[in-house]
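# This is a predicted model, with the sequence first.
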Number of protein chains: 2
Amino acid sequence: MKLDGIEITQQLEQFRAACKKRGVKLTHQRLEIFREVAASLEHPDAETVFRGVQTRMPTVSLDTVYRTLWLLNDLGLITTLGPRRESVRFDANLRHHHHYVCMRCGLVGDFESPELNILRIPNGVMEFGSVVSTHVEVRGLCAKCAGEQAERLHPGSSAT
Amino acid sequence: MKLDGIEITQQLEQFRAACKKRGVKLTHQRLEIFREVAASLEHPDAETVFRGVQTRMPTVSLDTVYRTLWLLNDLGLITTLGPRRESVRFDANLRHHHHYVCMRCGLVGDFESPELNILRIPNGVMEFGSVVSTHVEVRGLCAKCAGEQAERLHPGSSAT
DNA sequence: CTGACTGCAAACCCTTTGCAGACCG
DNA sequence: CGGTCTGCAAAGGGTTTGCAGTCAG
């Protein structure tokens, strides 16, 4: 799990380094916003980060929080839960199944696997609460996107 | 995987039955919308369903599609991918980790497990594309929600 | 000093809601 | 025929963007 002070300090160093490397300015706001996300054990949304930062910086605006969070995401310092900005998707497959998700285009494919339905979960997880079901998400590059990427790297090397 | 005609016909029967049982009217629009989702191998969003239905029913409106999809969800005939309608959430934990998700309140907790990082994935999945990483999502009722539920069922049976 | 960054406000997208007419049962 | 459902249009919430002033380097 995350350790209070030490690890965050390390992350802050990474942040400084990444900024310098990419020629991004290290403003007071960005520092506070980064601290807020890095220190949070939850997975806060922009609004929550905003409120947290606001206590120490009453003048920040919500749009700066958004801009900074996506900046941190681009710098590879944080990630997002779920897709970047998308509409709700519906699923008519009611059997216990798992998902293949393409990291590039967002394609989602179903697959079933009795073994994956009954994974052994680490004991520590019980501290969160009861376990009802487990779902596996496999991330990768789908065939179509892999093809397009190959085509981009080696144009015409294979017939279409 | 899903078989074209037979299985969808079964699902349609379930739909009729569920409607009758719950006193919900079986309109032309609802039928078409349900067929569209049930037949789709993708996990379409409302807009996609809308366009699909529109080819056969040019008069449907997008709001009816929304209303019907949530109705189907309430009837237990379809589910959604990801949370119902929420803002993007950010995650400063860059290590390969997995998530515990409370089905009631949406709480998300991280946990790590070397074993779960390297699950054996069924061969069929390779047909979708390359596999880069696997993530496990454990669903359950978090301690807080379980407590509230117990409290609701047996008020005062335990000290707070 | 200069270009990048901020705050403001307005725009934007997806989704939901109120209402009058249409339709299922 | 009655109550539900539809389509319309407008509201709603989260997020993004254009602009002029501000600040880091």
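The structure has been received and is ready for your questions.
# what about the longest strand in chain A?
Across chain A, the longest stretch assigned as strand under DSSP state E is strand A:133-140.
# A:Leu71: how many residues sit nearby?
18 (other CB atoms under 10 Å in any protein chain shown). C-beta: built from backbone N, CA, C; applies to glycine.
# Same question for A:Arg56.
For A:Arg56, using other CB under 10 Å, the count is 11.
# What residues does it make contact with?
Applying CB atoms under 8 Å, 6 or more residues apart in numbering or on different chains, we find A:Arg56 in contact with A:Glu32.
# Could you report the pLDDT at it?
We have a pLDDT of 95 for A:Arg56.
# quick one: the closest residue to A:Val136 other than its chain neighbours from DNA strand C, how far?
If the residues on either side of it in the chain are set aside, A:Val136 comes closest to A:His98, at 4.3 Å by CB to CB, 6 or more residues apart in numbering or on different chains. When CB to the nearest atom of the strand, to the nearest Å is the yardstick, A:His98 and DNA strand C sit 23 Å from each other.
# same deal with A:Ala146?
26 Å.
# Pull the contacting residues for that residue.
By CB under 8 Å, 6+ apart, the contact list for A:Ala146 reads B:Gly129, B:Ser130.
# what about 10 Å?
Applying CB atoms under 10 Å, 6 or more residues apart in numbering or on different chains to A:Ala146 gives the contacts A:Cys102, A:Arg104, A:Gly140, B:Gly129, B:Ser130.
# What is the most widely separated pair among those residues?
A:Arg104 and B:Ser130 (10.8 Å; CB to CB).
# which neighbours do those two share?
Contacts common to A:Arg104 and B:Ser130, judged by CB under 10 Å, 6+ apart, are A:Gly140, A:Leu141, A:Cys142, A:Cys145, A:Ala146.
# Just the angle for the worst-scoring helix or strand of chain A on mean pLDDT relative to strand A:133-140, thanks.
In chain A, no helix or strand scores lower on mean pLDDT, DSSP states H and E than helix A:143-153, which sits at a mean of 81. Going by axes from the mean of the first three to the mean of the last three CA atoms, to 10 degrees, helix A:143-153 is angled at 20 degrees with respect to strand A:133-140.
# A:His135 is in contact with B:Arg139, isn't it?
Yes: counting by CB atoms under 10 Å, A:His135 touches B:Arg139, with 6.9 Å between them.
# So is the one helix or strand A:Ile6 maps to next to chain B?
In this assignment (DSSP states H and E), A:Ile6 forms part of helix A:5-22. Yes: using CB under 10 Å from any CB of the partner chain, helix A:5-22 comes into contact with chain B via A:Glu7, A:Ile8, A:Gln11, A:Gln14.
# Closest to B:Val37 out of these?
Nearest to B:Val37 among those, counting by CB to CB, is A:Gln11 at 42.6 Å.
# The residue nearest to that closest one when sequence neighbours are not counted: neighbouring residues, count only.
Nearest residue to A:Gln11, sequence neighbours excluded (CB to CB, 6+ apart): A:Ala38, at 4.8 Å. A count of neighbours around A:Ala38, defined by other CB under 10 Å, yields 21.
# circling back to that earlier point, hey, what's in contact with both of A:His135 and B:Arg139?
B:His99, B:Val101.
# hang on, the earlier thing: got the buried residues for the longest strand of chain A?
Buried residues in strand A:133-140, counted by 16 or more other CB atoms under 10 Å in any protein chain shown: A:Thr134, A:His135, A:Val136, A:Glu137, A:Val138, A:Arg139, A:Gly140.
# now those in a markdown table, with pLDDT?
Shown next, in a markdown table, are the buried residues of strand A:133-140 (pLDDT from 0 to 100):
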| residue | pLDDT |
| --- | --- |
| A:Thr134 | 93 |
| A:His135 | 93 |
| A:Val136 | 95 |
| A:Glu137 | 93 |
| A:Val138 | 94 |
| A:Arg139 | 91 |
| A:Gly140 | 92 |
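# Tell me where chain A has helices.
With DSSP state H as the criterion, chain A has helices at A:5-22, A:28-39, A:46-56, A:62-74, A:114-117, A:143-153.
# and among these, the most buried is which?
Mean neighbours per residue, mean count of other CB atoms under 10 Å in any protein chain shown, is largest over the helices of chain A for helix A:28-39, with a mean of 20.
# helices or strands up against it?
Helices and strands touching helix A:28-39, by 3 or more CB pairs under 10 Å, 6 or more residues apart in numbering or on different chains; DSSP states H and E, are helix A:5-22, helix A:46-56, helix A:62-74, strand B:89-91.
# Any idea how far apart the tips of stretch A:78-88 sit?
Across its full length, stretch A:78-88 reaches 23 Å between end residues, using CA to CA, to the nearest Å.
# I meant stretch A:122-130, not that one.
End-to-end span of stretch A:122-130 (CA to CA): 12 Å.
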